[in-house]
Structures are given as C-alpha cells and as structure tokens.
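A.B. asks: fold the following.
(one chain, ligands or ions: 1)
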Amino acid sequence: MGTSHRKPFVGGNWKMNTNAESATALIGAVSDRLRASGAETAVYVPFVYLREVDTVIKQSGSAVRLGAQDFSEKPDGAMTGCISLSMLRDCGVTSVLTGHSERRHIIGETDALVNAKTRAALDAGMQVVLCIGEQLDEREAGQTDAVNERQLRAGLDGVSKEQLGMVVIAYEPVWAIGTGKTATPDDAQDAHAKIRGVLAAMYDQDAATQMRILYGGSMKPGNAGELLAMADIDGGLIGGASLNADDFGAIVDATGV
Ligand code: PEP
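C.D. replies: Next up is the predicted model:
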C-alpha cells in the first residue's frame, strides 16, 4: 500500500451495466460488505439509477460515495441529452469521473474537454477522479510516460493547488481495461512514481505527496494485493470486478485499512 498518510481510495465503475433491480441489490450488498472498511470508496452508477442507489446508501448508513460516470461541462441550457453537475448534486452525487478511456477513445473526448469537465466539477465542489493512461501502440512506442504527462498537464490545466485536494488520479493503461491483462506491479509502480513526479513539477512536492494515485485495468481480488503493495499505488478504479460485491469488497480489503 502507498504511504500510510494517503487514505486508500477504491472506486467501482459500473459502466453501462445493471438494471433497477440489480443496481439496488448490488449497492445493498456493497454497503454491507464495506461496512468495516477504513478505505474511502465510491460507486459510479448509470444516471438513471442514481436516485435508487442513493436511497439505499442513505438507508443503510453506508459511507460509500455516490458517483457519476459523466456530466456536461455546461451549467444548463440547450444541451439535448446531457446531464449537469447541479442535476447530479440533486441526486446525491459527490464524486465524478473525468477522462475515462472509453470516453476519450470511443466517444472522442479531447484533452480540452476533459479539462473543461474537470474544472467545472471542481468549481461545483465535486470530487474528481481524473483518468489517464496510454494505449497499446503508445506503450509499444515507448510513449507511456509522455502520454501520462500530457494528459495530466492538460487535465489539470488551471486547477489550483487548493482544488487539488478534491482530485484523485487514476492511471489506467488502456490495453489493460476490461481485457484481463494487467500491468505488472513494477510497471504500474514506475508509471505512478513518474506521475507523482509530474505533479511535483506542476505544483510542489507536498501536493505530489498528498495525491492519491489509483491503478485501474483488470484489477481483481487475485492481483489487487500485489498492486496495492507498491509504494505509489494508493487504491484502484475497478470496472468488471465492481459488479460483484464480494470481489469489490476483497479488493477494498486488499488496501489493508
Ligand atoms: C475501468 O473501467 O476503469 C476499469 C479499470 O475496468 P476493468 O477493471 O474492467 O478493467
């Protein structure tokens, strides 16, 4: 586990999965399973089930944060099909994802849009999990660190040191997401340490030391322990394994708090 003063964070990204019944059952089971954990946890729920999931979280007295997977960078108005940050707040959301690889590479979000969303969410008082990470061809071309640095600098452009306390970084090598392939603990640690170095250059050493940097990409109960044992890995962003409360719980347990 990363340095002990950084509180571990584990987020479950449900993506476009669940229905009203299974979302309610899943959050109920997750809330029970995580009751004794000292880690900070969040679930990123499809928009249409946010209210149902929020109700279960509140009824069960759970400390799991309610999160959203996306939102508009605009406050209101003519944006057909979009959801604003104030709408999310109405539903009980306190944490959002930005820069997830599926939104960058399938939907086409640019670094500039990721930055606009990150800033809008921080201005709205939301916690932001900013996702960065290289694609397979970029890794094979030796560009992993350059891609991470570009996405980090662009994503955090204009974000103040004061706002940084509401930011969590998720390093998610794109080739490892949903593929069953995982970065080796050493490769992930190396990327995380370099990301922390970029944060020190952008802000200062204190800001870099405080930042939680999560690993994401096929993290499962069977590999979480060795990844979370690395000095600069402070938690995980979990896709597939977050759809099973026992698997998600086992990963949270592997943070050791
Ligand atoms: C993710 O979507 O952020 C992710 C890490 O997915 P998976 O765990 O399924 O690879």
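A.B. asks: all strands for the chain, in order.
C.D. replies: 9-13, 40-45, 65-68, 95-98, 127-132, 167-171, 213-216, 235-238 (DSSP state E).
A.B. asks: same list (those) but as CSV, adding distance to the ligand.
C.D. replies: In this view, the C-beta of every residue, glycine as well, is placed from N, C-alpha and C. Converted to CSV, those look like this (distance: least, C-beta to the nearest ligand atom, whole Å):
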stretch, distance to the ligand
strand 9-13, 5
strand 40-45, 9
strand 65-68, 12
strand 95-98, 8
strand 127-132, 7
strand 167-171, 7
strand 213-216, 4
strand 235-238, 4
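A.B. asks: pick the most buried one from the ones you listed.
C.D. replies: strand 235-238 (a mean of 29; mean count of other C-beta atoms under 10 Å).
A.B. asks: against residue 253, how distant is the closest residue to residue 167 other than its chain neighbours?
C.D. replies: Distance criterion C-beta to C-beta, 6 or more residues apart in numbering; nearest residue to residue 167, sequence neighbours excluded, is residue 128 at 5.3 Å. Between residue 128 and residue 253 the computed distance is 26 Å (C-beta to C-beta, to the nearest Å).
A.B. asks: just residue 59 next, same as before
C.D. replies: Distance from residue 59 to residue 253, by C-beta to C-beta: 24 Å.
A.B. asks: got it, and residue 69?
C.D. replies: With distances taken as C-beta to C-beta, residue 69 is found 25 Å from residue 253.
A.B. asks: put the alpha carbons of stretch 150-161 into PDB.
C.D. replies: In PDB, the C-alpha atoms belonging to stretch 150-161 read as follows (Å, rounded to 0.1, in the frame of the first residue of the first chain):
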ATOM      1  CA  ARG A 150       0.400  15.200 -21.500                       C
ATOM      2  CA  GLN A 151      -3.000  14.000 -20.200                       C
ATOM      3  CA  LEU A 152      -2.100  15.000 -16.600                       C
ATOM      4  CA  ARG A 153      -0.900  18.500 -17.500                       C
ATOM      5  CA  ALA A 154      -3.900  19.100 -19.900                       C
ATOM      6  CA  GLY A 155      -6.400  17.600 -17.500                       C
ATOM      7  CA  LEU A 156      -5.300  19.800 -14.600                       C
ATOM      8  CA  ASP A 157      -4.600  23.000 -16.500                       C
ATOM      9  CA  GLY A 158      -6.000  25.900 -14.500                       C
ATOM     10  CA  VAL A 159      -6.700  23.700 -11.400                       C
ATOM     11  CA  SER A 160      -5.300  25.400  -8.300                       C
ATOM     12  CA  LYS A 161      -3.300  23.700  -5.600                       C
END
